[in-house]
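S.K.: have a look at this fold, sequence not included:
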C-alpha cells in the first residue's frame, strides 16, 4: 500500500495536469469547444455558453440599442434532454453596475475600452471559473465582478445608486383580453406568516396583471382564517372577487381516512404511537414535513375535485411566495387558451420518476416515460420506451406558476388517483410529477414553456426570475429596496405596506 504522502503527491499532480489540459482546450487547443479558436474576450465566453445576446450595438451615448426579446440556444444534458439556456439579455431595465449589468444589456458599457483593467480582471476570473459550465450562468459573473477591485463601485450592488426617477421607463399597460371561466388559485397552510406572504403575493399580482383582467381569486387554507383577515385579503385584490376556502381538515382526520398499513407506516416514521400525537408541523424520517407533503398531495389530486372550482374551466396557479417585479407585458392565460394548451409552465426544474413512479406509469399506460424533450416550438414532449427506462428519471415542471386546463385534469382523475395510490402524505411522488405526467402522456403537444414562447413575466421565486435567472444576492427584499420604485411604480405605490418576504 502506498504511503499517504506519496498518494497525495500523485493526486495533486494529477489534478494539476488535468487543470492544465482543460484550460488548454478552453483556450482553443484542438478546437475543443467548437468555436474555432481562442476565447479571447468575455463576450466570447458568454456567447459560447449561451449567456449573452449576439453582438451588442451601442448608440452615440454608449448605451445598448438592440434591446429585443431573449433568444435561446439548446444544450444537451448528460441524459440527452434538450435544455433551453436563456441568453443574458433577460433584464432590460438594469443599469446599476456589475453584477447586475453582467446580467443585462449593459455588459459592453461596463467593460468598455475606458475601463480595460476592470474588463481584464473579470475576464481572467471568469476563465478560471468556466470549468463550472452550468454554474457560470448564475455565479460566474457575480463572483468575478465582486472579487475585482479594479472595477470599484461598479461591482458592488450595495454601493449602487438608484437612477433619478425622471429616467424611469413608462410601464406598458396594453389591453389584455379577459376570458370567461378563468380563476387564479393558490393554497396556504394558513399560519400568520404565510398569510402575510400571501397578501404580498396577491397585491403584487394585482398590480402586475389582474387589475387589467379581474379574474376571480380562490385561496385554499388548511387552518381557519378570521373574518378580519379575509376582509383584508379582499381589499388587497379589489376589484377582483376573492374567495377563501377553509378545508376544515385536521391531520388526525386525514390519517384516520387512510388504510391501516399506510397509517401505521406514517406513525412509525413519525415516531408516534397514536394519531392524536401528530400535528401538521410534525417532521418524519424518510418523508419529511407533513404540512409540506399535504400541500403536494392537495395539488396533485384533491384540487381537481374542489366544488369551489367547478364553475371554472381554466386555472392560473401561483405559489403564495411568488412575487411580481414589473407589470406583465404578456398574458399567459390568453396565450394558453388561444393555443389550446392543457398546461403552460413558467419553468422546468428538477427531475422526477425513478422506479416507484415508473412502475405506476407502466401499470396504467403500459409504457415507461424515459425523458422529456423540448422542441423548437417550445412544446414539451414525452419520450417513452420499454424496460430500458424502468429506472429513468425525467424533467418535470417547476410548480411555482402554471396555467392548467381544469376540464382536462378533471377528466383524467383516474390517473391522478392512481398516481397518489397508497403514497398518502408523501413528497414522493409530488404534484410537479403528477401534472407533468398527466399533460405529457395524455395530451401530447399541448404543453408549452412560457419563457421560450416569449411570455416573460419576471416573477421572483426563491431568488430567481421566472425560475431561470438569479438577479439579486438577497432575493426580493433587496430588489425591492433598490429597484421597485423605478421598475415597478404601480406595485411600489400599491403594495409597499405589504412587503416583508424575501421570495
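M.R.: Sure thing, it's come through. What you are looking at is a predicted structure, and each value in this text was computed from that prediction instead of being measured.

S.K.: where does the stretch 401-503 of the chain have low pLDDT?
M.R.: Where the stretch 401-503 of the chain drops to pLDDT under 70, the residues are 471-474.

S.K.: all helices for it, in order.
M.R.: 406-410, 413-420, 431-442, 475-487, 489-495 (DSSP state H, counting those that start in this stretch).

S.K.: what are the buried residues along whatever helix or strand residue 336 lives in?
M.R.: Assessed by DSSP states H and E, residue 336 sits inside helix 332-338. Residues of helix 332-338 classed as buried: 332-337 (neighbour count, 16 or more other CB atoms under 10 Å). Yep, even glycine has a C-beta here, placed from its N, CA and C like the rest.

S.K.: equivalent analysis for stretch 269-287, please.
M.R.: Across stretch 269-287, burial judged by 16+ other CB under 10 Å covers 270, 272, 275, 278, 280, 282, 284, 287.

S.K.: surely the second one meets residue 283?
M.R.: Put plainly, it is residue 272. No: between residue 272 and residue 283 there is no contact under CB atoms under 8 Å: 11.6 Å.

S.K.: what pairs with the helix or strand encompassing residue 369, parallel or antiparallel?
M.R.: Assigned by DSSP H and E, residue 369 falls within strand 368-374. Sheet partners assigned to strand 368-374 using DSSP bridges are listed as strand 380-385 (antiparallel).

S.K.: for the partner strand, give the mean pLDDT please.
M.R.: Averaged across strand 380-385, pLDDT comes to 93.

S.K.: thinking again about what came up before, which among the buried residues of stretch 269-287 gets closest to residue 182?
M.R.: For these, the closest approach to residue 182 (CB to CB) belongs to residue 280, at 30.8 Å.

S.K.: surely that closest one meets residue 222?
M.R.: Yes: applying CB under 8 Å, one finds residue 280 in contact with residue 222, separated by 7.0 Å.

S.K.: in stretch 490-497, what counts as buried?
M.R.: 490-492, 494-495.

S.K.: residues contacting it, please?
M.R.: 171, 200, 203-204, 206-208, 324-327, 484-485 (CB atoms under 8 Å, 6 or more residues apart in numbering).

S.K.: restricted to strands, list these.
M.R.: Among the contacts of stretch 490-497, the members falling in strands (DSSP state E) are residue 324.

S.K.: okay if I get the contacts of stretch 490-497 as TSV plus neighbour count and distance to residue 355?
M.R.: Formatted as TSV, those follow (neighbours: other CB atoms under 10 Å; distance: CB to CB, whole Å):
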residue	neighbour count	distance to residue 355
171	15	50
200	25	40
203	23	44
204	30	41
206	24	44
207	22	46
208	25	42
324	25	39
325	25	40
326	26	43
327	21	46
484	22	46
485	16	52
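
S.K.: identify the farthest-apart pair in the contacts of stretch 490-497.
M.R.: The span of the contacts of stretch 490-497, defined through CB to CB, is set by 171 and 200 at 19.5 Å.

S.K.: nearest to residue 410 among the contacts of stretch 490-497?
M.R.: Looking across the contacts of stretch 490-497 and measuring by CB to CB, the closest to residue 410 is residue 206, at 27.6 Å.

S.K.: contacting residues for the closest one?
M.R.: 236-237, 240, 494.

S.K.: try residue 399
M.R.: Residue 399 sits next to 299, 317, 319, 431-432, 435 when contact means CB under 8 Å, 6+ apart.

S.K.: same check on residue 461?
M.R.: By CB under 8 Å, 6+ apart, the contact set of residue 461 is 319, 321-323, 400-401, 467, 503.
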